[in-house]
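*Asks:* Below: sequence and its predicted model.
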Amino acid sequence: MNTVVTQTEDAGAAASAGPTDALGTSAAQARSAVLEELIRKDPGRFRVLTGDRPTGRLHLGHFFGTLHNRVRLQELGVELFVVIADYQVLTDRDVADNLLQHVEELVLDYLAIGVDPARSTIFTHGAVPALNQLMLPFLSLVSVSELNRNPTVKDEISHSRQSAVSGLMFTYPVHQAADILFCKANLVPVGQDQLPHLELTRTVARRFNDRYGAGSAVFPQPDALLSSAPLLLGTDGTKMSKSRNNAITLAATADETARLVKGAKTDSERHISYDPATRPEVSSLLLLAALCQGRSPEQVAADIGSAGAAALKKVVTESVNEYLAPIRARRAEYGRDRAHLRAVLSEGNERARAVADATLAEVRAAMNTCY
Ligand code: ATP
Ligand code: MG
């Protein structure tokens, strides 16, 4: 468990690879530092909601972007809800292939990294009708032009497998507001791509309170918690994503990991240096090795010096494989009992339904729609 919850402060101080400020990342990083202090003092005042789409296996971008933080917060005593966003699979494709298998694989990844179902709630939002009903009043609180401006939705549309943009794709950040607000979460550990969505969730909460709260806050305005790797790049140099065929998964074997890292995009400069702005691919690889080693990316770069990209990739492969070995072993262990995975989910769904029913009742009372 220790390998999972320790992370270098040095790497934490380092910027992530890639252009970061377009989405307001520096402001969110500064706010995250303040939040860390508040969490340390009083973890009991926070409730976390975070999650993933069941579109494939979780990868290193997830791990260092958000999963690591989830387990760390759980260990600090923060209440944790993890949503498997099954409806959102249909935002950028027509059919949700192998859904059940992907859902089980996510549960497996969560258990392997240390999410404890006795303390934390893992659920699929498709199994929680009252959560989804919140989307209707929430949709009335946002304008079409606000939805149109969302940079992450634009990016996802450009990578989507559909020729036309569906209404679900266009409105999924509002659905995400329902995911977060159904349990009144006030903290959301996410990667950089989620910042515009968090802003929209805050807007929805604020407007709902203003319109229906009669002077009191029905919903909190949740904060994003960024990690030290809010945008880990994939092997092609763009955001590591389940759907872009550029990811190194937690479940990959050591050999697969070596092959994938070997094929990762770098640049032609032989001297290895950490400079996210001008050398995003090399810097993201350095950050990855640094996070695994518990050191700073600058230190890792200094060790490699002028030995070139092949030496960098060797260091990355060894660091990742060593770091993930215990997680991979636990994953294999949990994978032998599929019935247990289903039981974890069914218990989590039941807990989430009770919370969502209570929130919807409150919302209906606030809106004067109890008949
Ligand atoms: P998909 O391609 O299907 O959208 P994804 O890899 O983008 O998959 P999501 O399920 O959309 O994964 O994201 C789950 C969480 O992981 C979000 O909080 C997101 O910000 C975070 N995340 C995903 N990819 C990265 C990454 N490359 N670096 C940091 N965080 C990431
Ligand atoms: Mg995504």
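*Replies:* Everything's here; your move. Ligands and ions are numbered 1, 2, ... in the order given.
*Asks:* Convert the C-alpha atoms of the strand or helix carrying residue 302 to PDB, please.
*Replies:* Here residue 302 sits within helix 297-304, counting by DSSP states H and E. C-alpha atoms of helix 297-304 as PDB (Å, rounded to 0.1, in the frame of the first residue of the first chain):
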ATOM      1  CA  PRO A 297      12.300  15.400 -13.000                       C
ATOM      2  CA  GLU A 298      15.400  17.700 -13.000                       C
ATOM      3  CA  GLN A 299      17.300  15.100 -11.000                       C
ATOM      4  CA  VAL A 300      16.300  12.300 -13.300                       C
ATOM      5  CA  ALA A 301      17.300  14.400 -16.300                       C
ATOM      6  CA  ALA A 302      20.700  15.200 -14.700                       C
ATOM      7  CA  ASP A 303      21.400  11.500 -14.200                       C
ATOM      8  CA  ILE A 304      20.800  10.800 -17.900                       C
END
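*Asks:* List the buried residues in whichever helix or strand comes after it.
*Replies:* Scanning forward in sequence from helix 297-304 by DSSP H and E, the next helix or strand is helix 308-334. For helix 308-334, the buried set under the neighbour-count rule, 16 or more other CB atoms under 10 Å, comprises 309, 312-321, 323-324, 327-328, 330-331, 334. Quick note: C-beta positions are derived from backbone N, CA and C, even for glycine.
*Asks:* how much does helix 308-334 deviate in direction from helix 297-304?
*Replies:* 120 degrees (axes from the mean of the first three to the mean of the last three CA atoms, to 10 degrees).
*Asks:* how distant is helix 308-334 from the center of its chain?
*Replies:* Its chain's C-alpha centre and that of helix 308-334 lie 21 Å apart, by CA atoms, centre = their mean, to the nearest Å.
*Asks:* and the very next helix or strand once past that helix, what other elements does it pack with?
*Replies:* Once helix 308-334 ends, the next helix or strand along the chain (criterion: DSSP H and E) is helix 338-366. Helix 338-366 sits against strand 79-84, helix 99-113, strand 121-124, helix 129-133, helix 195-212, with contacts defined as 3 or more CB pairs under 8 Å, 6 or more residues apart in numbering; DSSP states H and E.
*Asks:* pLDDT averaged over the helix holding residue 302, what's the number?
*Replies:* Helix 297-304 comes out with an average pLDDT of 98.
*Asks:* Mean neighbour count added to the helices and strands packed on helix 338-366, as TSV?
*Replies:* As requested, those are exported to TSV (neighbours: other CB atoms under 10 Å):
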stretch	mean neighbour count
strand 79-84	24
helix 99-113	21
strand 121-124	24
helix 129-133	18
helix 195-212	20
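*Asks:* Take these and write them to TSV, including distance to ligand 1 and mean pLDDT.
*Replies:* Output for the helices and strands packed on helix 338-366, formatted as TSV (distance: least, CB to the nearest ligand atom, whole Å; pLDDT from 0 to 100):
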stretch	distance to ligand 1	mean pLDDT
strand 79-84	9	98
helix 99-113	9	97
strand 121-124	13	98
helix 129-133	17	98
helix 195-212	9	97
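*Asks:* Can you tell me which residues in the stretch 151-300 of the chain are near ligand 1?
*Replies:* 190-191, 193-194, 229-232, 239-243 (CB under 6 Å from any ligand atom).
*Asks:* let's go with 5 Å and repeat that
*Replies:* 190, 191, 193, 194, 231, 232, 239, 240, 241, 242, 243 (CB under 5 Å from any ligand atom).
*Asks:* Doesn't the third one lie inside a helix?
*Replies:* Spelled out, that is residue 193. Yes - judged by DSSP: H, G, I helix; E, B strand; the rest coil, residue 193 forms part of a helix.
*Asks:* ok, it - how many residues close by?
*Replies:* Using other CB atoms under 10 Å, residue 193 is surrounded by 18 other residues.
*Asks:* and it, what is it in contact with?
*Replies:* Contact analysis of residue 193 by CB atoms under 8 Å, 6 or more residues apart in numbering lists 23, 152, 155, 231, 239.
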